[in-house]
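K.L.:
Need a 3D model of the sequence below.
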Amino acid sequence: MSRINWFVKLISLGLILGYLPTFVFGASDDRNTNDMVTIPAGPFWMGDDKGAEDEKPRHQVVVAAFVMDRTKVTNGQFARFLNINGTHATNRQRWYDTDDNDARIHRRDGLWTADAGHENNPVVEASWHGALAYCNWLGKRLPTEAEWEKAARGTDGRKYPWGNDPPDKSLAHFGGGWNDLKPVGGYPKGASPYGLLDMAGNGWEWVTSAYLPYPYDARDGREDLSRDLVRGTRGGGHDSGPRDLTSTNRGRNVSRNPRGGHHNIGFRCAR
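P.N.:
Residues are numbered from 1 along each chain as shown. Next comes the predicted model:
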């Protein structure tokens with residue numbers, strides 16, 4: 001057989017092997033990454049002197065430009081992550097509380113699958129470590145607390161993502177039952193200044209930052225991901241009251257051990 005024929009066979013084998021993961025796991029875009037929104041660099045006012053004690057003092061923070069998912073990660077998206085990566089890290093740190101009654105992803109016929117009717121709802125019961133792992137799998141990361149707040153409220157100091165008007169059911173999903181989550185992106189009237197959706201209600205969101213007092217300083221250890229510290233949550237839950245939906249609320253009353261999942265905490269990724 002000529003060298004040319006051998007070369008053609010090698011190329012063909014390479015193509016077959018190269019596409020094999022596509023046939024087994026689905027096309028590369030089956031990771032179904034969210035549309036991402038650019039948040040420009042510059043200063044903004046973080047915190048609220050009229051808010052809860054952990055929101056004080058109001059202070060100016062400068063963040064570099066970044067991009068952030070327009071919507072929260074869904075059960076369907078997280079199920080794909082579990083099928084490829086498993087439910088635990090190599091150190092046995094759990095990524096998802098599969099045995100919790102509030103979980104809406106279950107193993108069926110050998111695959112992790114979102115429960116019917118919950119595919120497009122925000123994933124909950126993912127631990128902080130699981131949220132980190134998911135974002136890293138996509139070449140992303142969790143946002144810092146400062147990044148999250150700027151993405152939610154912009155630079156004009158507004159109280160909510162949509163402005164200063166009090167919440168109503170056309171702007172956000174809140175005041176619901178224990179697991180009464182809604183499909184992501186269903187409240188466009190409540191969008192942030194940059195067009196991000198569900199930044200208020202429909203599930204709290206993990207951030208990288210440890211829950212430490214203000215003023216925010218990324219150099220004081222709160223962004224050290226190796227420290228075993230309680231982490232921040234932002235945005236308000238589907239079962240929250242209207243007071244929790246402000247863009248400065250830090251989830252002080254939310255149970256948020258980073259090693260476990262929680263019935264009202266989801267996340268979105270940044271980069």
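K.L.:
Name the nearest residue to Pro166, sequence neighbours excluded.
P.N.:
Of all residues not flanking Pro166 in the chain, Pro242 sits nearest, at 6.4 Å (Cβ to Cβ, 6 or more residues apart in numbering). To be clear about C-beta, it is placed using only N, CA and C from the backbone, and glycine gets the same treatment.
K.L.:
helices or strands up against the longest strand anywhere in the chain?
P.N.:
When the chain is parsed with DSSP state E, its longest strand is strand 204-210. Using 3 or more Cβ pairs under 8 Å, 6 or more residues apart in numbering; DSSP states H and E, the elements in contact with strand 204-210 are helix 128-137, helix 145-153, strand 231-234, strand 265-266.
K.L.:
For burial, what's the neighbour tally of the residue nearest to Pro166?
P.N.:
As a burial measure, Pro242 scores 16 neighbours (other Cβ atoms under 10 Å).
K.L.:
which sections of this protein are below the confidence cut-off?
P.N.:
Counting by pLDDT under 70, the ranges of the chain that qualify are 1-32.
K.L.:
returning to that earlier point: pull up the pairing partners for the longest strand of the chain, direction included.
P.N.:
Sheet pairing of strand 204-210 (DSSP bridges) gives strand 231-234 (antiparallel), strand 265-266 (parallel).
K.L.:
okay, those strands in CSV with mean neighbour count and distance to Met199 next?
P.N.:
Supplementary listing: those in CSV, determined by neighbours: other Cβ atoms under 10 Å; distance: least, Cβ to Cβ, whole Å:
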stretch, mean neighbour count, distance to Met199
strand 231-234, 27, 8
strand 265-266, 30, 12
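K.L.:
Which of those sits closest to Gln77?
P.N.:
Nearest to Gln77, of all these, is strand 265-266, at 10.8 Å by Cβ to Cβ.
K.L.:
ok, and what's touching the closest one?
P.N.:
72-73, 122-124, 126, 203-206, 233, 237, 254, 256 (Cβ atoms under 8 Å, 6 or more residues apart in numbering).
K.L.:
Sketch out the helices for the stretch 151-271 of the chain, chain order is fine.
P.N.:
Under the criterion DSSP state H, counting those that start in this stretch, the stretch 151-271 of the chain carries no helices.
K.L.:
Quick one: end-to-end length of stretch 71-90, please.
P.N.:
29 Å (Cα to Cα, to the nearest Å).
K.L.:
Just give the number of residues close to the residue nearest to Gly201 when sequence neighbours are not counted.
P.N.:
Spatial nearest neighbour of Gly201, excluding adjacent residues (Cβ to Cβ, 6+ apart): Ala172 at 3.6 Å. Residues near Ala172, counting by other Cβ under 10 Å, number 28.
K.L.:
go on, the one 4 residues further on?
P.N.:
Counted with other Cβ under 10 Å, the neighbours of Gly176 add up to 17.
K.L.:
Hmm, it is touching Asp239, no?
P.N.:
Yes: between Gly176 and Asp239 a contact is recorded at 5.6 Å, counting by Cβ atoms under 8 Å.
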